[in-house]
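[1] sequence-free structure coming up:
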């Protein structure tokens, strides 16, 4: 399998990945470890919350977006890591049983000035449930190696 | 224990929380589930990576910041959830054995115009290792209920 390098990321729609099924146990397991707020862990408390029922942590949804990006393309990309996240919006709750689909768009792609053998690709990810409701959007730059013969051009 | 409401969050430094110890197994467990890139999972590959040694996923560090916020004050705050993250910067790698400390500042606090019984408190979190090196910074708004008698004022 060919490794994707900076040159493979053109502006515009890159791909749609999923589905990723999310169980009640997945939601509880993440919440117990990282975000044990009652709305993510306790059915009775969750029913009374603003989100009206058990919902996954936004950080869980973000972690799942990372995993879907890995399975979709990062796992075969010459990725060198990421300096952070420009923006993350949690728009609708993640629910037990959701099947997630992730749309990825390349918003920006530029060669690094400090490391000319790498580029920075800024991705916009939009994750939806099976009903097509957008659950979250994020904008995230990733450092990607350039093709070996490209840096010398 | 008194529940913290919107009125308890004044502009400026709010608190310092931790330490939270992070083991090699913690790093591997998160990576296996959410971010199985070699730099987070494979010692030999990690040694050759830009980060020169096994490092935790940025998303793991973000998840740990959420947990430290929960343990520090969110767990006793009338929190109603969060609309997202304004910015997240991963500045230095999370390493096995790190002991994390989290500084929390209130950057902004305003009453919601659409839900006058709530306010939006925007926190800046800075997480450091025991050597005082900043590993990550994030700016994140949280929706917090106002004191029962405050909304009527």
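    That came in fine, so what should we check first? Everything quoted here is computed from the prediction, not taken from an experiment.
[2] Up against chain B, what does chain A have?
    Neighbours of chain B within chain A, by C-beta under 8 Å from any C-beta of the partner chain: A:30, A:33-37, A:39, A:49-51, A:57-59, A:62-64, A:66-67, A:70, A:74-75, A:79-91, A:136, A:143. (Each C-beta comes from the backbone N, C-alpha and C, glycine too.)
[3] Now, of those, which are buried?
    The neighbour count (16 or more other C-beta atoms under 10 Å in any protein chain shown) marks A:30, A:33-37, A:39, A:49, A:51, A:57-59, A:62-64, A:66-67, A:70, A:74, A:79-82, A:84-86, A:88-90, A:136, A:143 as buried among the residues of chain A next to chain B.
[4] and the biggest helix by length in chain A, what other elements does it pack with?
    Ranked by residue count, the top helix of chain A under DSSP state H comes out as helix A:58-72. Here helix A:58-72 touches strand A:12-21, helix A:24-34, strand A:87-90, strand A:99-111, strand A:118-128, strand A:134-145, helix B:24-34, helix B:58-72, going by 3 or more C-beta pairs under 8 Å, 6 or more residues apart in numbering or on different chains; DSSP states H and E.
[5] For the ones you listed, state which one has the densest average packing.
    helix B:58-72 (a mean of 23; mean count of other C-beta atoms under 10 Å in any protein chain shown).
[6] I'd like the mean pLDDT over that helix, please.
    Across helix B:58-72, the average pLDDT comes to 98.
[7] hmm, who's touching that helix?
    A:30, A:33-37, A:57, A:59, A:62-63, A:66, A:81-82, A:84, B:15, B:17-18, B:20, B:22, B:26-27, B:30-31, B:34-35, B:40, B:88, B:90, B:94, B:100, B:102, B:104, B:123, B:125, B:127, B:135-136, B:138 (C-beta atoms under 8 Å, 6 or more residues apart in numbering or on different chains).
[8] what's the angle between it and helix A:58-72?
    Interaxial angle of helix B:58-72 relative to helix A:58-72 (axes from the mean of the first three to the mean of the last three C-alpha atoms, to 10 degrees): 170 degrees.
[9] Helix B:58-72 vs strand B:12-21, what angle?
    Counting by the same axes, to 10 degrees, helix B:58-72 lies at 110 degrees to strand B:12-21.
[10] From the centroid of chain A, which residue is nearest?
    Among the residues of chain A, the one closest to the centroid is residue A:65, at 2.8 Å (C-alpha atoms, centre = their mean).
[11] Distance-wise, check that one relative to residue B:58.
    Plainly put, residue A:65 is 13 Å away from residue B:58 if you go by C-beta to C-beta, to the nearest Å.
[12] go on, residue A:67?
    Counting by C-beta to C-beta, the gap from residue A:67 to residue B:58 is 13 Å.
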